[in-house]
Structure formats: structure tokens, C-alpha cells
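Undergrad: Sequence and predicted structure below; questions after.
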Amino acid sequence: MDSVTSYAKKVVAGKIIAGDSVKKACKRHLKDLKKSKRKDYPYYFDAEQAEYCFAFAENYCRHSKGKWAGKPLILEDWQRFVVGSIFGWKRKDDDTRRFRYFYIQVARKNGKSTLMAFIGLYVIVCDGENGAEIYSAATKKDQARIIFDEAKNMIGKSPELRTILTTYRNNITFDAQLSKFEPLSSDSETLDGLNVHLGLIDELHAHKTGDVYNILDSATGARTQPLIGTGTTAGRNPNCFCKELYDYYKNILNETVENEDIFIYIAELDENDDWTDPQNWIKANPNMNVSVNLKDMESVYTASKNIPSKLNEFKCKKLNMWVTDTASWANMEQYNKPPTLKITKEDLIGKKCYAAGDLAVRNDLASVVFEFPLSDRYFAVLHHSFIPEDKIFDNSQKHHIDYQRYIDMGYITATPGNAVDFDYIEDYILRMRDKYDILEVCLDPWNATQLESHLIDEGMKVVEVRQGFKTLSEPTKELGITIEERKLIHFDDPILKWAVGNTVVTFDENGNVRPNKAKSINKIDPAMALIIAHTRAYTHELNYVDVNAIAAAQLAEYEEMLRGQI
């Protein structure tokens, strides 16, 4: 039995400990093997080609670092599964590669860069492609050089490769076929005119946009069997391009989306695993006891578990878990799960709600929400934001988000000029009043005086909510609990999700909490509007004492005590 199929069977049988995503990748291989026997299935697995890859690694490539420096590159079983799948699966009609893309996500120190460098060397030497252009790409030059420099160092340790490949500071050449291997970054002046045969993208989670990936992908049209490969660890930004790909690839593994062109290997813990249990850590670290030492991991965990910033770093880099900023307000893992109560937007028509706006900066994003208190401490929320038309491009660049996309989707309204026109916000609130029973409109009085006056003239009740600790602390905490319990029904609004994920909170000396715009990783205006709405929604409908009344009563009591009347 070939190495790829052997690994797949062992994983599926439970003989090799692996997470659900790896199990599904292995099941996919085994299912496709059965389908390949059918005439109508367009792919087949060439086990000899896979074994040839392994032989090239062992006979031509050498480790360049650490205790293995100079020794042959013997691929581990999981690496054989990855490499053998990428190069072993072929198309029946022309024998070219089946997979046009691959995605490898593992925790750090699992030999990812070495594996990617090997793939680059294998392709430049063994693909038989004249004039092949191979690039290791990233947003910055230093990051782009990691895979490239590893490939150069492997050549330096290999007499066999030195006889056929020539290394220079910024490229590797295979003169016999006029092929080259170069690092490439988004700040390079050579992004145009590429003719990519293989693109290797390192640590995609660190890319703020998909620009580099898309440039490489769009430059493969002239090749018969191009390959775009990503090697990454999970990151801290749940709204980045890499996370979008990750979610899409998970859907492929879950068979909710079909795409035969992509090979996926995601080594991660399962959703219900206890991530503090070292027995589960191997799922994110397939190179455990090779390049990853369990005792070292346990030591790092012990030193980190009581320091939030270090603990998040451990979860992200050592356990390959997507996390948000260490001071994040909401549990985004829970936020991203479906609420435990299912309703539709149509179910909210005619129901009571509390409107709120965060309108502080007029040349930026302004947001309004409508929060609906439901039974059993459930809350539903509808959101809409506004942006000045003249600032769409600049703000998209500054905030690393495609505002035009969400304008087209209906989540944001662009108002004419270079500042948000509050008349549009007023009109929107009044139109929403025709559909919903808006009890109050909650506004911070700063910068909203005219809007407040107009809404009052229209017969609406406006409540001023100041953004201080005493006003926002309890609603912020309560809303965090609501998210944790999956009782916030947000209808998967992408802008609200982005803002909630961006939100960082700060504490005062008394343990009070409120959102901190300055420390948050990006815009939080929609989340801020939601918290402002919650100051009224949770106190009025759930018979909580109004936090403003508490503060006033405490102040009066303190002043009375000072006067000696208590």
C-alpha cells in the first residue's frame, strides 16, 4: 500500500491521532480512490508519482538547520500525505495535476517552511516545465524570503542540487530549463507581468488583504498545470482574507461545497476538545515528538495560562486556533455559532425595540442599531451604517475592509460628500419606525444635537447615553454574557460581526468596563451602537435597575453621608 493511502487509513481508523479536519481530508482521499475506478470520474491517483516525490526529498534535499542540518530530508507520514496528494492526484485526460491549489494550516514549528521550500525545489527541478516561474510571496520582503532562503540553504547543504541549481541573492535558477525561483512581496515593483507556474504564500493570516494571493492566482493563465499553495498558522484577525479561505475550505471538507481543484490539510483541535489537555495538542501539531516537544509546550502553557496576552499567543501559534486581540470584549467563537433561538427578520415586524447610534466622527463610519428584547433574555439586533461617499476608498484602505462590497450588499449607505449626512440617518430611523415599535432612540449627546432635535420634533423619545464607565459597564458585561450564551440574534450581519470582533474593552480601578476605541484593532462603531442600545434594552425589558439611576443614587447617598446626615 502506498504511503498516502496508508496514512489516510490509519487516521480514519484512529491509529493516528488527528482532528476532524484532517480525518475529513483523509476520508476525501479514500472516497476519491473509489470514485477513480469509475470511467466518468476525471481523476486518478498515481502512487508512483507520489513515491518519486519522497525519493527526491530523501536523495536530493538536506535539512539546513538545527540537529538535522546536512541530513537527508525524510518526510514524516503527514508530510507524505500532503506532498503525495498534491503531486499524486492527476487528471485522466492529460495526466496533469488535479490540484491547482493547496492549503496547509498547522501550528508553528511543525516544519511548514521546510515543506514549502521542498515543494518549490521539487517543482523547479522535476515538473519539466520550461521557463517555469516560481515565487515565494508575502506582504513584506522579509516574510517573502523565509521560504526562499530555506530553499537556498537546502541547496547549499545538498551537493546533488548544487550541480543543477544556481543560487543568487534574490533568485535560484535552473538553467537547463530557463526556470527561476524568487521571493516576491507586495511592496515589490515587479508584480506586473508575472507568468506564475508555482506560487507559495507564507503566513497568509498576516496579509491584511488578498491582493498578493489574487495577483499570483491571476498570473497563472498561460500554464498547463499551475499551482498556488498556502502555508500558514491561524491568526488573530477573524475578518482577514486567510480566515475567509479557511472557512471556505472547511465547507469543502464538510462537503457543503464542492471543489475538486483544492487540496486541504488543516491540523487543529476539534470544537469540543479541551484545549488545555496536552493529549489533544498533537491534533494541531502533527510533527509532535519530531520538531515539536510536548514537554516544552507544557512549560510554555504553564508560564502563559495566567497571563491573557501570552495565553492567546499560545492558543494561536502553538494550537493553531483562530483568536482575537487579548483584550477583546466578546467571545467570537460563540458569536460565530448559530443562536440557540431561530427567528427571522420578518418575525420582528411590529415588535418593540430600542434604537441607538454611534455618530462621533462624521468623516468616518456612523452606525445605528435596533435592539429587540425577546423572551428568556434573548435579544435580536438589526444594524445599518453610513459612510461619506468621498471617503469610501480612503477609509477602505485605512480600515482594511472593502466598504464598497458591503454598500452593494445593503449593509452600508454612502451619503454624498466627505462627511456623513445626518439627514440620511434621520430618514432611515423614521422609515424603520414604520416597521417597528421604536420605544426610544439612544444617542450620545456629543455631535448629535441636531439629529436629536429633529427626532424629538418627529415625536420620538430620545434618551442621552453618555459613554462613560458607570453608564456602559453593566450593559457591556451583560451583552458579553448574552453573546457567550448564544442569545444574541444578529442574522450574521458581516459589518456588525467585524465590529464586535474588533472591540477591545478597558477597565477602571473599580472593575467597571467599557469599550475602548483607541485600543481596538479597527472600527467598532456598530458594536458601540449596540452597547448603547443595550443600556436601555436590558434595563427596561428585564426589570433591571437603570444603571444611570444607580449612579445618581450612589452619588446622592455619598453626598448625604458627607454632610453627616447618615
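TA: Looks like it came in fine. Residues are numbered from 1 along each chain as shown.
Undergrad: so where is the stretch 451-566 of the chain shaky, pLDDT-wise?
TA: 507-511, 521, 540-566 (pLDDT under 70).
Undergrad: what does the domain assignment say about this protein?
TA: 3-266, 334-551 (automatic domain parsing).
Undergrad: Lowest average pLDDT across these?
TA: Across the domains of the chain, domain 334-551 has the smallest mean pLDDT, namely a mean of 87.
Undergrad: hmm, back to that, which of the domains of the chain sits closest to Ser291?
TA: For the domains of the chain, the distance to Ser291 is smallest for domain 3-266, at 5.3 Å, taking CB to CB. Glycine gets a C-beta too; all of them are placed from N, C-alpha and C.
Undergrad: and that closest one, how far apart are its ends?
TA: 19 Å (CA to CA, to the nearest Å).
Undergrad: And for stretch 56-70?
TA: 15 Å.
Undergrad: how many neighbours does Asp434 have?
TA: For Asp434, the count of nearby residues is 7 (other CB atoms under 10 Å).
Undergrad: re earlier: nearest to Met297, out of the domains of the chain?
TA: Short answer: domain 3-266, nearest of the domains of the chain by CB to CB, at 9.2 Å.
Undergrad: before we move on, the earlier item: now the domains of the chain in JSON lines, with distance to Met321?
TA: Conversion of those to JSON lines gives the following (distance: least, CB to CB, whole Å):
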{"stretch": "domain 3-266", "distance to Met321": "6"}
{"stretch": "domain 334-551", "distance to Met321": "13"}
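Undergrad: Lys295 is nearest to which of these?
TA: domain 3-266 (13.7 Å).
Undergrad: about what we covered before: right, and the domains of the chain - which one's nearest Lys315?
TA: domain 3-266 (8.6 Å).
Undergrad: For the closest one, what is the distance to the chain centroid?
TA: From the chain centre to the centre of domain 3-266 is a distance of 21 Å (CA atoms, centre = their mean, to the nearest Å).
Undergrad: just stretch 441-461 next, same as before
TA: 38 Å.
Undergrad: Which neighbouring elements make contact with the longest strand along the chain?
TA: Using DSSP state E, we find that the single longest strand of the chain is strand 379-388. Identification of packing neighbours for strand 379-388 by 3 or more CB pairs under 8 Å, 6 or more residues apart in numbering; DSSP states H and E yields strand 366-373, strand 412-415, helix 422-433, strand 488-489, helix 494-502, helix 525-541.
Undergrad: just to revisit the earlier point, Ser299 is nearest to which of the domains of the chain?
TA: domain 3-266 (13.9 Å).
Undergrad: so how far is Thr230 from the residue nearest to Phe241 when sequence neighbours are not counted?
TA: Excluding the flanking residues, the one nearest Phe241 by CB to CB, 6 or more residues apart in numbering is Gly210, at 3.7 Å. Noted for Gly210: a distance of 11 Å to Thr230, by CB to CB, to the nearest Å.
Undergrad: cool, Ile489 as well?
TA: Taking CB to CB, one finds Ile489 at 34 Å from Thr230.
Undergrad: With Pro339 instead?
TA: From Pro339 to Thr230 the distance is 32 Å (CB to CB).
Undergrad: For the two, indicate the residue with more neighbours.
TA: The neighbour comparison of Pro339 against Thr230 (other CB under 10 Å) goes to Thr230, with 25 against 21.
Undergrad: Next secondary structure after the strand or helix carrying that one?
TA: Using DSSP states H and E, Thr230 maps to strand 227-232. Going down the chain from strand 227-232, the next helix or strand is helix 241-253, by DSSP H and E.
Undergrad: for that next one, packing partners?
TA: Using 3+ CB pairs under 8 Å, 6+ apart: helix 241-253 touches helix 20-35, strand 101-105, strand 227-232, strand 262-266.
Undergrad: how about the helices and strands packed on strand 379-388 in JSON lines, adding distance to Lys461 and mean neighbour count?
TA: Listed next are the helices and strands packed on strand 379-388 as JSON lines, based on distance: least, CB to CB, whole Å; neighbours: other CB atoms under 10 Å:
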{"stretch": "strand 366-373", "distance to Lys461": "14", "mean neighbour count": "27"}
{"stretch": "strand 412-415", "distance to Lys461": "24", "mean neighbour count": "20"}
{"stretch": "helix 422-433", "distance to Lys461": "11", "mean neighbour count": "16"}
{"stretch": "strand 488-489", "distance to Lys461": "24", "mean neighbour count": "24"}
{"stretch": "helix 494-502", "distance to Lys461": "24", "mean neighbour count": "23"}
{"stretch": "helix 525-541", "distance to Lys461": "10", "mean neighbour count": "26"}
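Undergrad: And the ones you listed: which comes nearest Asp261?
TA: Comparing those by their distance to Asp261 (CB to CB), the top pick is helix 494-502, with 26.1 Å.
Undergrad: how far is the closest one from where the chain is centred?
TA: 12 Å.
Undergrad: can you give me the angle it makes with strand 379-388?
TA: Angle of helix 494-502 versus strand 379-388, following axes from the mean of the first three to the mean of the last three CA atoms, to 10 degrees, is 100 degrees.
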